[in-house]
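A.B. asks: Could you work out the structure for the sequence below:
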Amino acid sequence: MSGFRRFGDLYRALDETTSTNEKRDALAAYATDASDADLAWAVFVLTGRRMRRPVSGNVMRDWASQHTGLPAWLIEASYHAVGDLSETLAILCSRGQGNAPPDLSLAEFMEQEVLPLGAAEPDEQRQVLQRWWDTLDERDCFLAHKLVGGALRVGVSATLAVRGFAKGLGYAPSVVEHRLMGTWEPTAAFGARLRAADDGAADRSRPYPFYLASPLGDSPESSGERDEWLAEWKWDGIRAQLIVRGGEVFLWSRGEERLTERFPDLVVPAGHLPDGTVLDGEIVIKRDGVVQPFAVLQTRIGRTNLSAKVLRDSPAVFLAFDLIEWGGEDWRERSLRERREVLAQLLGASGTGPLQLSQAVVAPDWAALAGLRAQSRSLGVEGIMLKRWSSPYRSGRPRGDWWKWKIEPFTMDAVLVYAQAGSGKRASLYTDYTFAVWDGDTLVPVAKAYSGLDDEEIARLDRWIRAHTKERFGPVRVVEPVHVFELGFEAIQRSSRHKAGIAVRFPRILRWRTDKPAREADTLPALHRLLEQAAAAHPAQPAQAEPEAPSLFDDLGDDA
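C.D. replies: Down below sits the predicted model:
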């Protein structure tokens, strides 16, 4: 069996079961007998990594319409009925008998068929897809479409994929996770490195898998005594790891994006840290000792030219809250208390310079800590992080030792004005919503939201949308402005790109306000007043910080 079809069998095995153990075992079996090159590509696509999509879905729809002679509206309607574009096009377009590509491996198919599409002219791209449709059967066509799109959506999280592949390779998941961090290409050489015994010569730039906190659902009192926990402010910046190895400095975001070149004002002082040091922390912009809103950091992220003025006006600071490698030794299994003690000695508690220790929040009991948390918004933070002093540094989001105790979001009541069908399993339902508020007698769109309703509410709203559509603009339906929803959002800022003049961050539906008529929804002037209040509450540096030991590197100041 070709490697291409072997991967197709794996995909179907994963897609046809809801059992986590069966998915893990299928992944393990594949890792055991796949070639190194095919293993690398399978890991690449199943852990959520993506290459640039060579052909857009809209273009594939147009070509499918021409190939089959079916009108575009019928292709679109079929897609909404099936819920998956790759499957829809495979059903409608495939005419082959499964006689090709019989001898291609997964790697060969990707490298000889898919990747060249990115550099090909549209006519050449179309010829390749038509060849697939003429020669591949429905099963192989479906897989080929999936590999072009890059989003397999097969019910396997990156964590489960790592666990399954690790079982087949005979390693602990943490070993495989570490080997997958950083930048790598899906090549036979990389597949061989995944299989190879650990000789300690890992890529020196590679970060560790990040430890992620879970939302705190209950009151913190249920978590134990207050003195069992470190409390820190939850900064609104870029989560990152700062790595010093082999005489070089590397900076990686949680999304595995290399940030080294974007923050030279962090890289230069980090070069003074001992070799074999890895810090976990948050990148923020700090002016005159005050952490700035995320919007300020965004303006710097988008710049390709970091002039001296930009670096001076928007100085980056790395707020370190964990030490996960020290002296070249992996410290993740040590307790947070031990890691924190050495980190405090390394950075001190001066609160100045580009590399700083993230402050602890000092409060004698849970009630006092709750009182400080209530001040979060005026301090420019999102709430409080709670970390058990005895905890190791894990990977992923295991519950129990790291919690994020966020403040309540901003809210507004807004009117549903537009709806669009979702994607994947929700492609046949209207689940993507646009909401507006009143500006006089006019409704002005202010936010889009895709989450917050349960299945019953989605189905009920979908039926209503279909029966109360006023106009259609392509896939978007304009609906009667009747229903009000309470939306939550994390921040509000000015935006010249939006008609309303504002943008909100992370909007989501909190509840369907069936008790409220549309005319009682919020107004645009009210949101602008909220914007002014948020801007007036200029973030102040939190005052309470834990006493720390003197720094081992007192020369790491502003001039370092």
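A.B. asks: Neighbours of A367, how many?
C.D. replies: Residues near A367, counting by other Cβ atoms under 10 Å, number 10. All C-beta atoms are positioned from the backbone trio N, CA, C, and that covers glycine.
A.B. asks: what packs against the strand or helix carrying it?
C.D. replies: When secondary structure is defined using DSSP states H and E, the element that contains A367 is helix 366-373. Contacts of helix 366-373 with other secondary structure elements, assessed using 3 or more Cβ pairs under 8 Å, 6 or more residues apart in numbering; DSSP states H and E, are made with strand 383-388.
A.B. asks: ok, and for the very next helix or strand once past the helix holding A367, which residues are buried?
C.D. replies: Counting by DSSP H and E, the next helix or strand C-terminal to helix 366-373 is helix 376-379. Neighbour-count burial for helix 376-379 flags S376, R377, L379 (criterion: 16 or more other Cβ atoms under 10 Å).
A.B. asks: I'd like these laid out as TSV, including pLDDT.
C.D. replies: Supplementary listing: the buried residues of helix 376-379 in TSV, determined by pLDDT from 0 to 100:
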residue	pLDDT
S376	85
R377	80
L379	79
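A.B. asks: mind giving me the domain split of the chain?
C.D. replies: Here the domain assignment for the chain is 3-149, 214-406, 410-522, based on automatic domain parsing.
A.B. asks: Of all these, which one comes closest to P173?
C.D. replies: domain 214-406 (8.0 Å; Cβ to Cβ).
A.B. asks: now do the same end-to-end measure for the closest one.
C.D. replies: Across domain 214-406, the terminal residues are separated by 11 Å (Cα to Cα, to the nearest Å).
A.B. asks: Need the three-state assignment for R12.
C.D. replies: In the three-state summary, R12 is assigned as helix, counting by DSSP: H, G, I helix; E, B strand; the rest coil.
A.B. asks: which one is it nearest to, not counting chain neighbours?
C.D. replies: What sits nearest to R12 in space, not counting adjacent residues and going by Cβ to Cβ, 6 or more residues apart in numbering, is R139, at 8.0 Å.
A.B. asks: Which strands and helices lie in contact with the helix or strand hosting the one you found?
C.D. replies: Taking DSSP H and E as the definition, one finds R139 inside helix 138-149. Using 3+ Cβ pairs under 8 Å, 6+ apart as the contact test, the elements touching helix 138-149 are helix 3-15, helix 57-68, helix 85-93, helix 122-135.
A.B. asks: Could you name the stretch from those helices that's closest to K470?
C.D. replies: helix 57-68 (25.2 Å).
A.B. asks: Any buried residues in that closest one, and which?
C.D. replies: Buried residues in helix 57-68 (16+ other Cβ under 10 Å): G57, M60, R61, W63, A64, S65, H67.
A.B. asks: Dump those to TSV, plus pLDDT and distance to L443.
C.D. replies: Conversion of the buried residues of helix 57-68 to TSV gives the following (pLDDT from 0 to 100; distance: Cβ to Cβ, whole Å):
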residue	pLDDT	distance to L443
G57	87	31
M60	93	35
R61	92	32
W63	94	38
A64	93	37
S65	93	35
H67	93	42
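A.B. asks: Is it possible to get TSV of the domains of the chain that adds distance to A188?
C.D. replies: What follows is the domains of the chain, written out as TSV (distance: least, Cβ to Cβ, whole Å):
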stretch	distance to A188
domain 3-149	4
domain 214-406	22
domain 410-522	32
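A.B. asks: one step back: and for the helix holding R139, what are the contacting residues?
C.D. replies: Contacts to helix 138-149, defined as Cβ atoms under 8 Å, 6 or more residues apart in numbering, come from residues 4-5, 7-8, 11-12, 45, 53-55, 57, 60, 85-87, 89-91, 93-94, 96, 98, 100-101, 109-110, 113-114, 117, 132-133, 136, 152.
A.B. asks: Over to stretch 105-123?
C.D. replies: Contacts of stretch 105-123 with the rest of the structure, by Cβ under 8 Å, 6+ apart, involve 2-4, 6-7, 34-35, 37-38, 40-42, 51-52, 54-55, 59, 101, 104, 125, 128, 144, 147-148, 186, 188.
A.B. asks: Just the buried ones from those residues, in ChimeraX syntax?
C.D. replies: A single ChimeraX command suffices to select whichever of the contacts of stretch 105-123 are buried according to 16+ other Cβ under 10 Å:
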select :2,3,4,6,7,34,35,37,38,40,41,42,51,54,55,101,104,125,128,144,147,148,186
